[in-house]
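Requesting a structural model of the entry that follows:
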Amino acid sequence: MSALISGATGKVNAPTEERLPVTVPQLAERKHLGQPLVMVTCYDYPSARIVEEAGVDLVLVGDTAAMTVLGYDSTVPVTVDELLVLVKAVRRGLSSPLLVGDLPFGSYEISNEQAIATAQRFVKEAGCDAVKLEGGGVMVDRAHAIAATGIPVVGHVGLTPQTATALGGFKAQARTAERAQQIIEHACSLEDAGCCLIVFEAIPAAVTEVAMEQLSVPVIGIGAGAATDGQVLVWHDLLGLYEWGSPRFVKRYAELRPQILDALCHYAGEVRSRSFPSIEYTYSIDPSELEELRARLAA
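Below is the predicted model of the structure:
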């Protein structure tokens, strides 16, 4: 059962019953029925539990964790082992959303064999339902190789953070007819290679509309307009957990950083003034036991 929207308040209420797991075939069915897909990134167990309760359809443990969780300057340095730790934590917190794991930079580009081996680790060790890789060109071969082993693959075109330097930085793509055609061709090639889902990132909405006419697999957008079959946002962006600004395509649905900071400052102040912990936050002992303890120590 999906999350429900209260007509009186306009707020989203948590599901009232356990949902069945979302499957890859259901993604295509949802596209056919015109039912939008909700996807978020998620990197740890408590976040996964909240995502589960909210009724999200897909969860991506993205290599964005390199920046949002691990403090790297880009997504490039994160390793397979680092991401697997995060994916395992999220897996333990989910039961219904379809779980997608990002294959990090350097873990699939060298050969089909390398790509398959990495994808198998994400499925076997971390319990992923699907894996995601970035780009077209030779990456189409990698996607085909992985899909041929029976592992669902998610493609990613447009702005591809792992190779953002080659694209001129973190900026919108497909802003010329030539580049837009190339990206659409990459997306079509990824579909032909067996991808079950494709992510469009930082692509003009009008280009996305044209691309959607060429594709039959579901498309998830992030900064790609409303014509896609669903949307994905990064957990830390949509919740406002960082002090710096967000990309143009991010809508902040909360500003939690000031609230968290205020709570921590309040806590620190009470500790330093010795007003925390007060009596209601402490454990007690029977006075006779305390008296006996003192006697034992004095003996």
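
Excluding covalently adjacent residues, which one is nearest to Leu159?
Excluding its sequence neighbours, the residue lying closest to Leu159 (CB to CB, 6 or more residues apart in numbering) is Ala202, at 3.7 Å. C-beta: built from backbone N, CA, C; applies to glycine.

the strands in the protein, which residues?
4-5, 12-13, 37-41, 58-61, 98-102, 130-132, 153-158, 197-201, 219-222, 230-233 (DSSP state E).

Can I get those strands in a markdown table including distance to Val140?
Putting the strands of the chain into a markdown table (distance: least, CB to CB, whole Å) gives the following:
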| stretch | distance to Val140 |
| --- | --- |
| strand 4-5 | 39 |
| strand 12-13 | 38 |
| strand 37-41 | 22 |
| strand 58-61 | 20 |
| strand 98-102 | 18 |
| strand 130-132 | 14 |
| strand 153-158 | 8 |
| strand 197-201 | 12 |
| strand 219-222 | 16 |
| strand 230-233 | 22 |
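
which residues in the stretch 101-250 of the chain form helices?
112-124, 138-148, 177-192, 205-212, 235-238 (DSSP state H, counting those that start in this stretch).

and of the ones you listed, who's closest to Leu261?
With respect to Leu261, and counting by CB to CB, the nearest of these is helix 235-238 at 14.5 Å.

In a markdown table, list the helices of the stretch 101-250 of the chain along with distance to Ala227.
Below are these laid out as a markdown table (distance: least, CB to CB, whole Å):
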| stretch | distance to Ala227 |
| --- | --- |
| helix 112-124 | 29 |
| helix 138-148 | 23 |
| helix 177-192 | 13 |
| helix 205-212 | 4 |
| helix 235-238 | 20 |
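
Turn these into a markdown table, columns for mean pLDDT.
Formatted as a markdown table, the helices of the stretch 101-250 of the chain follow (pLDDT from 0 to 100):
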| stretch | mean pLDDT |
| --- | --- |
| helix 112-124 | 98 |
| helix 138-148 | 97 |
| helix 177-192 | 96 |
| helix 205-212 | 96 |
| helix 235-238 | 94 |
